[in-house]
Each structure stands twice: as structure tokens, then as C-alpha cells.
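1. Give me a 3D structure for the following:
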Amino acid sequence: MRFWIPTLGLVALTVVILLGMRRGWLGRKSRTSTAIGELPSAPVSLGTARTAPFEGTYVGTTLAGEWLERVTGEGLGSRAAGTVQLFDAGILVVRQGAPDVYIPIELLDAVRRDRGIAGKVADPHRLVVLSWRLAVAVDTGILLRHPAQADDLVTAVESAIQQKEAG
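-> Below you'll find the predicted structure:
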């Protein structure tokens, strides 16, 4: 009988902690949804494909320059396997079990390789970070399955950004 009281206390404490974590997660989701605004929708026609679809994992989106400040609103907080492909109109990230992410070329600012994003540290030869603008600047990380594909994606996106800036 003596063990029931501490056990019930621990169970109650665990429930309170879990409810606090849930409240914090929902608060972050609400704050980031407000901060980033509405996500762009993919057009009916994306134009010509500039790359093949590359297999990888959508790691997450963060506020620009803040690799731990994950954006959870608008479905951007869901890590998922999928593909990433560059088209004339922009980049389409097709995620399994989560909404697709479309980044229009005109909102794309930069592409780079990095060691980490959204709390995930990875091989910099495979992690590609796309910097783009919504209501605020954000970074989106894609962990590609093959390092050679990261080279191809970075080169293609850099070329698309240069073409956009040239005219």
C-alpha cells in the first residue's frame, strides 16, 4: 500500500509534464504559422523538370540562420521521406505522409550545404539547405540519400537563382 502513493504521484507528474509539452508544441505551431504566413501553392504546371527527382528526407524548416528554431506551422514541422525536384517554376518536395512543400523560384534566395538543421546533425555532403522567403526568411533542409545527388541539386539550384537574378 505504501508504494501506491509515490507511484500515483509519479504518474500525475508525468501527465502534467506531457500536457505542458503538448501545450508548448501547439503554442510554437501557432506562433510559427502566424510568423511565416501562408505557404505558396504549386501551380498546375511546374514547367520543365531541371533535375531528376532525388530521394531523401525532408528534415525540416527553420527560421533563417536559426538552425534549432524549427517552424512547425503549416505542416512544415513533419520530418518525412520523399523526393525533391527542381522545375522551371520552383522546387517541389513530395513528402510521404505529409503535405508537399513548394518553393517558387522567385522566393528562393540561396542554396548551401550544411552540417545541421532543425536539430538534425548530418553529413554535410548530403544535407542541402534551401534559403527562401515567406513572410520571414526560412531555411529548409533536405537530407539526400546519395552525396553525388547533392552536388547535382546544389548546382542546378544555384544556376536557377543566377538566371532569376539576371533577368
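2. and the longest strand belonging to the chain, what's its mean pLDDT?
-> Secondary structure of the chain read by DSSP state E shows that its longest strand is strand 54-63. Mean per-residue pLDDT for strand 54-63: 93.
3. can you list contacts of that strand?
-> Applying CB atoms under 8 Å, 6 or more residues apart in numbering, the contact partners of strand 54-63 are 35, 68-71, 76-85, 93, 95, 98, 101, 117-120, 122, 126-127, 136-146, 149, 152-153. Placement of C-beta: from N, CA and C, glycine included.
4. Among these, name the buried ones.
-> Burial by neighbour count, judged by 16 or more other CB atoms under 10 Å, picks out 69-71, 76-77, 79-80, 82-85, 93, 95, 98, 101, 117-118, 120, 122, 126-127, 137-144, 149, 153 from the contacts of strand 54-63.
5. Give me the subset of those that lies in helices.
-> Using DSSP state H, the subset of those located in helices is 149, 153.
6. How many residues are close by Gly167?
-> Per other CB atoms under 10 Å, the neighbour tally for Gly167 reads 4.
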